[in-house]
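Enquirer: pasted the sequence and its predicted model underneath.
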Amino acid sequence: MFLRNRHGLGVRLIFALGAMALFVLGYQWGNQQQFGHAEPARIHGVLIQPPGEIPEFSLRDPFGRPVGRADLAEGWTLLAFGDLADASGQRAAQRLIETRNRLADQPPLIASLRLILIQTSERLELARDFARLSPALRPLAGPPESIAPLRDALGLTSEVVPALFVIGPDARLLAILPETESGAGMAEDIETLIATQARP
């Protein structure tokens, strides 16, 4: 003998939809607890989503040592372009060093951050002087055809701008810090990006 269902079709449909909604919410909550819920970093500069791939490249430092993509995968990199003999290169070098100096109270962070200036000319005598005066700054140079793939991957035109590019330990472009951003803002962005990447 079957008992007669006292609830109408509409009521049963509402119960079924409610049960499905609870299941979906529970499933999503469980996934967030298991895998974490990573929100994009909030920075003053331009966040690159998804991060950009850095291509293979081959440049040399002022002392003739080769530098390539694998070197960028060893830690955090703050990168800029410019000729140290011109105002644009000097401004870019100044912004790189200023950002690092504002992080001086955090030795572990400083230890993981390298500064690279891609020389847009192959005149290395001035680059050697800069490298000796400030060991934290590593000028790199090479023929235009060696620099072009890197410039293209970073979205640079032929015009040199003193923007800084933040490259993570996986050798991927994470953010661009424009010329208008202050030194304090750039340092804060670096801290935020590193903290975000360190989250489980």
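Expert: That came in fine, so what should we check first?

Enquirer: so the residue sitting nearest the centre point of the chain is in which element?
Expert: Central residue of the chain (C-alpha atoms, centre = their mean): residue 174, 2.4 Å from the mean position. Using DSSP states H and E, residue 174 falls within strand 172-177.

Enquirer: any idea how far the next helix or strand after that strand is from the chain center?
Expert: Per DSSP H and E, the first helix or strand lying C-terminal to strand 172-177 is helix 183-198. Computed by C-alpha atoms, centre = their mean, to the nearest Å, the chain-centroid distance of helix 183-198 equals 9 Å.

Enquirer: where does this protein have low pLDDT?
Expert: Applying pLDDT under 70 to the chain flags the ranges 1-38, 122-126, 157-160, 198-200.

Enquirer: wait, residue 43 sits on residue 192?
Expert: Yes. In this structure residue 43 lies within contact range of residue 192 using C-beta atoms under 8 Å: 5.5 Å. For the C-beta atoms, the positions are set from N, CA and C on the backbone; glycine is no exception.

Enquirer: ok, the two, which is more surrounded?
Expert: Shown here are residue 43 and residue 192; by other C-beta atoms under 10 Å, residue 43 has more neighbours (22 against 17).

Enquirer: tell me how far the more buried one lies from residue 140.
Expert: Applying C-beta to C-beta, to the nearest Å, the value for residue 43 to residue 140 is 25 Å.

Enquirer: for residue 53, same thing?
Expert: 19 Å.

Enquirer: so between the two, which is more surrounded?
Expert: residue 140 (25 against 11).

Enquirer: quick one: the helix or strand where the more buried one lies to chain centroid distance?
Expert: Residue 140 is located in strand 137-140, with elements delineated by DSSP H and E. How far strand 137-140 lies from its chain's middle: 18 Å, per C-alpha atoms, centre = their mean.

Enquirer: what's downstream of that strand, the next helix or strand?
Expert: helix 144-153.

Enquirer: so where do the strands sit in the protein?
Expert: Using DSSP state E, the strands of the chain run over 46-53, 58-60, 66-68, 76-82, 113-119, 137-140, 164-167, 172-177.

Enquirer: what residues sit buried inside the first one?
Expert: Buried positions in strand 46-53, judged by neighbour count with 16 or more other C-beta atoms under 10 Å: 47, 48, 51, 52.

Enquirer: wait, the third one sits on residue 173?
Expert: Yes. At 5.8 Å, residue 51 counts as touching residue 173 under the criterion of C-beta under 8 Å.
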